[in-house]
Structures are given as structure tokens and as C-alpha cells.
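J.: got a structure for you, letters missing:
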């Protein structure tokens, strides 16, 4: 079951996160294809992904062809790696999920403003 991760290749932290994920995932990471969204607005739109949202929220296409974003995307991605499964479970909890979403959006917004890309 392969998935496609749409990530911001112009973001140093995003690239490091990708490398860390690939390192932790090992063999299970072979089924993950990484798609750099930089300057790919038309391709994103064709997939039904708003390019501006793609900068502020992680998006994936799951094995069934569904586009998932934000924490739904992280939960699917992390659930594929045994070491990250507990984190995926934790961020899916009803009381934790909104807090994680708020923290994530704040962090991404600050990064994009600092980089002059928002």
C-alpha cells in the first residue's frame, strides 16, 4: 500500500523531517513516495489540493487514492512506522487532536512568515 506525501521541499525543517522519517521507517518507508510541492501549483490543483493549503498543512494521497490533510495525514504517515504508532494514536485522541492542530498551525504560520512565503 503506497502513499504519496506532498511536502514543502523549500522548507529545511520539512526536508529534515522527511529524512528522519525515512531513517526511522526503514523498509516500511519504501512504500512512501515524496512529492515536492515547490512551484507545482497546477499539479496540486489538478489533484484537488489548494496550493496555499499545501504550504500550511501536510497532504497525502493514501493507498485508496483519497487526499488527506493536516493531522489525518500525519496519523496515516506515522502509523506506518512502529516507533511512531504511539504518537499517531496520541494525536488522534479527541482532547489532544485540537491542541496539536493549533500548535502545528501556529508553528507553520510563524515559519512561513519568517521566510516571507505567507
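T.: Yep, it's here. Remember, it's a predicted structure, so these values are computed and weren't measured experimentally. Numbering: from 1, shown residues only.
J.: May I see the buried residues of the helix or strand hosting residue 107?
T.: Assessed by DSSP states H and E, residue 107 sits inside helix 97-114. Applying a neighbour-count criterion of 16 or more other C-beta atoms under 10 Å, one finds 97, 100, 104, 108, 111 buried in helix 97-114. Where C-beta positions appear, they are placed from N, C-alpha and C, glycine not excepted.
J.: Can you tell me the SS state at residue 65?
T.: Local secondary structure at residue 65 is given as coil here, using DSSP: H, G, I helix; E, B strand; the rest coil.
J.: How about the contacts made by it?
T.: Neighbour list for residue 65: empty [criterion: C-beta atoms under 8 Å, 6 or more residues apart in numbering].
J.: same check, this time on the one 10 residues further on
T.: Contact partners of residue 75, counting by C-beta under 8 Å, 6+ apart, are 88, 91-92.
J.: any weak-confidence spans in this protein?
T.: Along the chain, the model assigns pLDDT under 70 to residues 1, 28.
J.: so when I look at residue 60, I'm seeing a helix, right?
T.: No: secondary structure assignment places residue 60 outside any helix; it is strand (three-state DSSP).
J.: Quick check: beta-bridge partners of it?
T.: Residue 60 has these beta-bridge partners by DSSP bridges: residue 5, residue 68.
J.: hang on, isn't it packed against residue 78?
T.: No: no contact is recorded between residue 60 and residue 78 when judged using C-beta atoms under 8 Å, the distance being 11.0 Å.
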